[in-house]
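In: Model the following, please.
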Amino acid sequence: MNGHPERVLIVDDEEHVCALFQRILQKEGYEVECAPTGEDGLARLAGQPFDLVMTDLKLPGIDGMELLRRGRDLCPETSFVMLTAFGTVQTAVEAMKQGAYDYLVKPVDKDEIIMVVAKALEVQRLTREVARLRSQLDLSLDFNEIVGHSKSMKAVFRLMKMVADSNATILIQGESGTGKELIARAIHGASRRKERRFVAVNCASVPESLLESELFGYVRGAFTGAAADKKGLFEEAHEGTLLLDEIGDTSTAFQSALLRVLQESEIRPVGSNKTVKVDVRVIVATNKDLKREVERKTFREDLFYRLSVVPIALPPLRSRRDDIPLLAAHFIEKYSRAYSVEPKRLAPVSLRLLLDHSWPGNVRELENVIERAVLINPGAEIAPDSLFPSALTMLDENRSFTSLNDTMRGARELMEREKIAEALQRTSGNRSHAARLLGISRSALYNKIKSLRLAN
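Out: Next up is the predicted model:
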């Protein structure tokens, strides 16, 4: 922790519980205060800020749910963790829907307390920093539409800035949904060609037989249906920028034709015996590893080197998780304006779900998730089930709590199962190594495996 110690408030009418939590958390470097009632807890919140409140659900007078509701109205940036007995787990899951970050079931394991508090405070810090980051992004790069402050994206921005005003061919590689076209448009917008056209074509969506005529144009009578001369996209983009997306899906025959155009800066319309000079800045994009395609003889080696004068590798969202809170805030603002609704904020548990999701569809998937949530979420705070409908499925009172398919412990156990299984897989089942990878003790991992029924 940097700066002053983070402050934690424990609200529980059992003195020994308060004393236990206070002792454990003070050893971790937190500043801890205790309150015996919900009323006292609210008074302390009103008097001075706390980073985290841990409250029992069962309290005399104002109960934990009411303290959560009032406390979050009073201090929206404060994280809440609920303490509950086994018999009130459903109520604790409901509390997560109301904005609690997590809950702990008594009696609580020391390592679990430390882990949950650390993660709750991490999310709280991220939430608190989003507004600051929005205002302090390096907008001098002139790439305002691209959101990111992670190291990997800052490296991309620096490279974009260095090459934007050149005529160098650029190869953008990245998984689907990482924003390759957005990067290409930003480079064009920061170049001397920005007043001219930016033309984009998805090579994979154009039939192979039509791709050359689409790009190079054709003359009347070149083929059946060619009733008049038609300019191709290279001519349309003259003195501007042409993006050839999914270049890795083209045939070697087309690659030969493209290589000739890049070398000679001229095109030959289909059916014509004359060439046309063109001045076009070419950017290509692909979700394939072109070096590997070269090795497989499906992509021309000479074209690869001609295209990759400036290679830009876009990181997948799962490797730039620091950007998720900022991206989510950006999309919330965007779609709140688009649908003329009041700006919403993410509940702490919702942010945690976003941070822990694997995002196979990358930034595009995140944008779709946020757009849907802005549309369907009824309140001012986006709940987890507005992001992922099955995230906090509430169980019927008579339903079993023992099945792996149940969400007895809500989203936390679902995520813990995934993380532990991934750690065990990465370490080939070595539990000591897996525990170190997860940042918990070996005994805590054994307890988790047992409680989550992950053992064979």
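In: Determine the number of other residues adjacent to the residue lying closest to His238 once chain neighbours are set aside.
Out: Closest residue to His238 apart from its sequence neighbours, by Cβ to Cβ, 6 or more residues apart in numbering: Val278 at 5.5 Å. In this view, the C-beta of every residue, glycine as well, is placed from N, C-alpha and C. Using other Cβ atoms under 10 Å, Val278 has 20 neighbouring residues.
In: Surely Val278 touches Arg268?
Out: No. The pair Val278 / Arg268 is not scored as a contact, 10.9 Å apart, by Cβ atoms under 8 Å.
In: what are the ranges of the strands in the stretch 101-250 of the chain?
Out: Residue ranges of the strands in the stretch 101-250 of the chain, as given by DSSP state E, counting those that start in this stretch, are 102-105, 170-173, 198-202, 241-245.
In: which other helices and strands contact the longest helix belonging to the chain?
Out: The longest helix of the chain (DSSP state H) is helix 110-136. Contact here means 3 or more Cβ pairs under 8 Å, 6 or more residues apart in numbering; DSSP states H and E; on that basis helix 110-136 packs against helix 15-27, strand 52-56, strand 79-84, strand 102-105, helix 324-338, helix 348-356, helix 442-451.
In: just the angle between the following helix or strand past the second one and strand 52-56, please?
Out: Using DSSP states H and E, the helix or strand that follows strand 52-56 in sequence is helix 64-74. With axes from the mean of the first three to the mean of the last three Cα atoms, to 10 degrees applied, the angle from helix 64-74 to strand 52-56 works out at 160 degrees.
In: Name the residues of helix 64-74 that come out as buried.
Out: Across helix 64-74, burial judged by 16 or more other Cβ atoms under 10 Å covers 64-65, 67-68, 70-72.
In: Going by contacts, tell me the helices and strands next to it.
Out: By 3+ Cβ pairs under 8 Å, 6+ apart, helix 64-74 packs against helix 38-47, strand 52-56, strand 79-84, helix 89-97.
In: so can I have TSV of those showing mean neighbour count and distance to Arg431?
Out: As requested, these are exported to TSV (neighbours: other Cβ atoms under 10 Å; distance: least, Cβ to Cβ, whole Å):
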stretch	mean neighbour count	distance to Arg431
helix 38-47	17	39
strand 52-56	27	29
strand 79-84	26	27
helix 89-97	21	27
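In: Compare the ones you listed and give me the one nearest Ile183.
Out: Nearest to Ile183 among the helices and strands packed on helix 64-74 is strand 79-84; the distance by Cβ to Cβ comes to 34.8 Å.
In: so who does Phe254 touch?
Out: When contacts are counted by Cβ atoms under 8 Å, 6 or more residues apart in numbering, Phe254 touches 203, 208, 211-212.
In: Which pLDDT value belongs to Glu15?
Out: With respect to pLDDT, Glu15 scores 91.
In: quick one: the residue nearest to it when sequence neighbours are not counted from Ile62, how far?
Out: Distance criterion Cβ to Cβ, 6+ apart; nearest residue to Glu15, sequence neighbours excluded, is Pro36 at 7.6 Å. According to Cβ to Cβ, to the nearest Å, Pro36 and Ile62 sit 12 Å apart.
In: Which of those two has more residues huddled nearby?
Out: Higher neighbour count among Pro36 and Ile62: Ile62, with 19 against 16, using other Cβ under 10 Å.
In: ok, and the closest non-adjacent residue to that one?
Out: Nearest residue to Ile62, sequence neighbours excluded (Cβ to Cβ, 6+ apart): Gly38, at 3.0 Å.
In: residues in contact with that neighbour?
Out: Going by Cβ under 8 Å, 6+ apart, Gly38 touches 11, 55, 59-64, 66-67.
In: just the residues you listed now: which is nearest Arg306?
Out: Thr55 (63.6 Å).
In: how close does Thr250 sit to Leu258?
Out: Per Cβ to Cβ, Thr250 is found 8 Å from Leu258.
In: To clarify, my last question referred to Asp302.
Out: Asp302 is 11 Å from Leu258, by Cβ to Cβ.
In: who's more crowded, the two?
Out: Leu258 (26 against 12).
In: what's the average pLDDT for the helix or strand where that one lies?
Out: Secondary structure from DSSP H and E places Leu258 in helix 252-264. In this model, helix 252-264 has a mean pLDDT of 94.
In: same deal with stretch 341-359?
Out: 86.
In: Between the two ends of that stretch, what distance do you get?
Out: 26 Å (Cα to Cα, to the nearest Å).
In: on that earlier part again, which of the helices and strands packed on helix 110-136 has the lowest mean pLDDT?
Out: When I compare these, helix 442-451 is least confident, with a mean of 78.
In: coming back round to it: what distance separates the helix holding Leu258 from the centre of its chain?
Out: Between the centre of helix 252-264 and the centre of its chain there are 37 Å (Cα atoms, centre = their mean, to the nearest Å).
In: going on from it, what's the next piece of helix or strand?
Out: strand 266-267.
In: can you give me how far the following helix or strand past that next one is from the chain middle?
Out: Next along the chain after strand 266-267, taking DSSP H and E as the criterion, comes strand 276-277. Distance of strand 276-277 from the chain centroid (Cα atoms, centre = their mean) equals 44 Å.
In: Whichever helix or strand comes after strand 276-277 vs strand 198-202, what angle?
Out: Going down the chain from strand 276-277, the next helix or strand is strand 281-286, by DSSP H and E. Going by the same axes, to 10 degrees, strand 281-286 is angled at 30 degrees with respect to strand 198-202.
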